[in-house]
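# Sharing a model that was predicted from the sequence below.
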Amino acid sequence: MGSDAIAKSARSRFGNTSTTSVHHTILLFIFTIILILLFLQQETAQNRPSTLRRKAHEIINRTIPKWEMDAAREDLPRHCYSLLENLNQCQASKETIVFGCHRKWCSSSYGHCEEVNGIGDRTQRMLSMVTDAIDKCVRVEFDYPQMKNGVDLRFATSTEYWDPWAAIAELFHFRSYDVSDQGGVNVDVWGDRKDDHEERRAFVHFTPKGYKWHHYDPCLYHILFKETDDFQTDLNYYSDLFHLGEKNTIGIHFRTGDLTAFGVANKDIRAQGQTLESSYNKMVSCAESLATKLNLKRGGNAKFSFFLATDNQHVKDMANKDERYDIHMTAEKPSPYLQSDGDRSAYLDLYLLSKTRGSAVNVLPDTYDGPAERVSTFARLSWNIAFMNDDQLHECEIG
């Protein structure tokens, strides 16, 4: 083969390679665009109002749309209507407090698995701050997507925060703001500039440092949040299975702590200093005392009925073998919240506990020296959202 032929052959091969590379690049680009479009379709296909509809409402009237208010009134207790109206009125404010819970992005919990607080801590502090915001009559928004965990915002049109980067922020897991340092919050300055017509927005972590949760109206939780359809199906299944509608079941929240349950180091020592079997027996005995106090009836087998929520599989195993009581539990296997991929099972326990007649809760011993609450904030949250009275929350000392 001559040199001209060799050169021609080389050019031909190079040219084919170049053309193939361009075709691959174009196909990869098209495939990427298709994936992005599919992602955006999934993100917007979850009963969310369209962006155009949201923006139109925001421009015309920042309050909660009438169709959402009407639906809420059908679902909420009548004694919650007044607080609902107060929230709606304050949503028109030019000053907005955005509550964010910056956490690691995880596949199953949609970004909510930080190593700081569980459901009780972050929700009770958030509800306290929203109470402060309503008192100051400023607008509130939430960057807190929990649909995969079974909980959704009731007023997505008015209260859900939308980042300026929109779906791109969701796709690449970032936000245009950062509250990960959990910086302190000064609620005293909220609403100080009501006469100023300039729009202002402040970003606050759900659990800011130095902020102590305080009393809030339990209606607020139900006004802000609602169960997703799939979650409600699971909740109805267990409620019917455990006969919780009869209000003849005592809830037991027995938290042993991640150290006892999983060997994960933390300062929760609720069940330390006792054998697990001894602690368990004290808990069910305490629950029996509450059942007697509330005049619950024993079942046809002369046994009290309990619903047990615990972070310890060994406790569940003991309860399964305990023939002294009818003890109900979900099929979920406990996992340490510091390592959990999601909160769905915890929310399920929360709602089921709220459907019982009362809750028996193990408390921290007097020797404990740390930041945790004596009574679990998770247990207190379930007690609050059930509108229970003081007699229905029973502290059990097992240490």
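Thanks, I have it.

# Give me the contact list for stretch 74-82.
Under the contact criterion C-beta atoms under 8 Å, 6 or more residues apart in numbering, stretch 74-82 has outside partners 73, 84, 217, 219, 222-223, 226, 387. All C-beta atoms are positioned from the backbone trio N, CA, C, and that covers glycine.

# can you pull out the helices in the stretch 1-150 of the chain?
Listed in chain order, the helices of the stretch 1-150 of the chain (DSSP state H, counting those that start in this stretch) span 3-44, 51-60, 66-75, 81-90, 119-136.

# picking that back up, sort out which of the contacts of stretch 74-82 are in strands and list them.
If you go by DSSP state E, these have Lys226 in strands.

# Just the buried ones from the contacts of stretch 74-82?
Taking 16 or more other C-beta atoms under 10 Å as the criterion, what is buried in the contacts of stretch 74-82 is 84, 217, 219, 222-223, 226.

# from those residues, which is closest to Tyr144?
Lys226 (13.3 Å; C-beta to C-beta).

# Take the buried ones among the contacts of stretch 74-82 and write them to TSV, including pLDDT.
Formatted as TSV, these follow (pLDDT from 0 to 100):
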residue	pLDDT
Leu84	98
Asp217	97
Cys219	98
His222	98
Ile223	98
Lys226	95
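
# which two in the contacts of stretch 74-82 are spaced the farthest apart?
The span of the contacts of stretch 74-82, defined through C-beta to C-beta, is set by Arg73 and Phe387 at 17.6 Å.

# Rounded mean pLDDT for stretch 245-255, please.
Averaging pLDDT along stretch 245-255 yields 95.

# An error on my part: the question was meant for stretch 306-321.
Averaging pLDDT along stretch 306-321 gives 93.

# care to break the protein down by domain?
Annotated domains of the chain cover 51-227, 230-396 [automatic domain parsing].

# rank these by mean pLDDT and give me the bottom one.
Between the domains of the chain, the lowest average pLDDT goes to domain 51-227, which shows a mean of 83.

# now the strands for this protein?
Using DSSP E, the strands of the chain run over 95-100, 139-143, 151-153, 200-205, 225-227, 249-254, 305-310, 326-328, 358-362, 393-396.

# any idea which of these is most buried?
strand 249-254 (a mean of 29; mean count of other C-beta atoms under 10 Å).

# Give me the sheet partners of it and which way each runs.
Paired with strand 249-254 in the same sheet, following DSSP bridges, are strand 305-310 (parallel), strand 358-362 (parallel).

# and Phe174, what does it touch?
By C-beta under 8 Å, 6+ apart, the contact list for Phe174 reads Trp165.

# and the gap between it and Trp165?
Per C-beta to C-beta, to the nearest Å, Phe174 is found 7 Å from Trp165.

# Would you quantify the distance from the residue lying closest to Tyr347 once chain neighbours are set aside to Leu353?
Once flanking residues are discounted, Tyr347 sits nearest to Gly150: 5.0 Å by C-beta to C-beta, 6 or more residues apart in numbering. From Gly150 over to Leu353 the distance is 15 Å, taken as C-beta to C-beta.

# Which parts of stretch 128-138 count as buried, going by neighbours?
By neighbour count with 16+ other C-beta under 10 Å, stretch 128-138 contains the buried residues 128-134, 136-138.

# Name the nearest of the residues you listed relative to Asn301.
Proximity of the buried residues of stretch 128-138 to Asn301 (C-beta to C-beta) peaks at Ser128, which lies at 43.4 Å.

# separation between that closest one and Phe142?
Noted for Ser128: a distance of 14 Å to Phe142, by C-beta to C-beta.

# what does Ala346 give?
Distance, Ala346 to Phe142, using C-beta to C-beta: 19 Å.

# Then Glu227?
16 Å.

# can you list the strands paired with strand 249-254 in a markdown table and add distance to Pro208?
Converted to a markdown table, these look like this (distance: least, C-beta to C-beta, whole Å):
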| stretch | distance to Pro208 |
| --- | --- |
| strand 305-310 | 28 |
| strand 358-362 | 26 |
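
# Rebuild the contacts of stretch 74-82 as a markdown table, extending it with distance to Val284.
What follows is the contacts of stretch 74-82, written out as a markdown table (distance: C-beta to C-beta, whole Å):
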| residue | distance to Val284 |
| --- | --- |
| Arg73 | 41 |
| Leu84 | 40 |
| Asp217 | 33 |
| Cys219 | 33 |
| His222 | 31 |
| Ile223 | 35 |
| Lys226 | 33 |
| Phe387 | 26 |
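
# Return the member of the contacts of stretch 74-82 nearest to Pro365.
Nearest to Pro365, judged by C-beta to C-beta, of the contacts of stretch 74-82 is Phe387 at 29.6 Å.

# That closest one and Glu68, how far apart?
From Phe387 across to Glu68, the span is 23 Å (C-beta to C-beta).

# next one: Ser359
Computed as C-beta to C-beta, the Ser359 to Glu68 distance reads 32 Å.

# and if you look at Asn88?
Per C-beta to C-beta, Asn88 is found 9 Å from Glu68.

# same check, this time on Gln91
11 Å.
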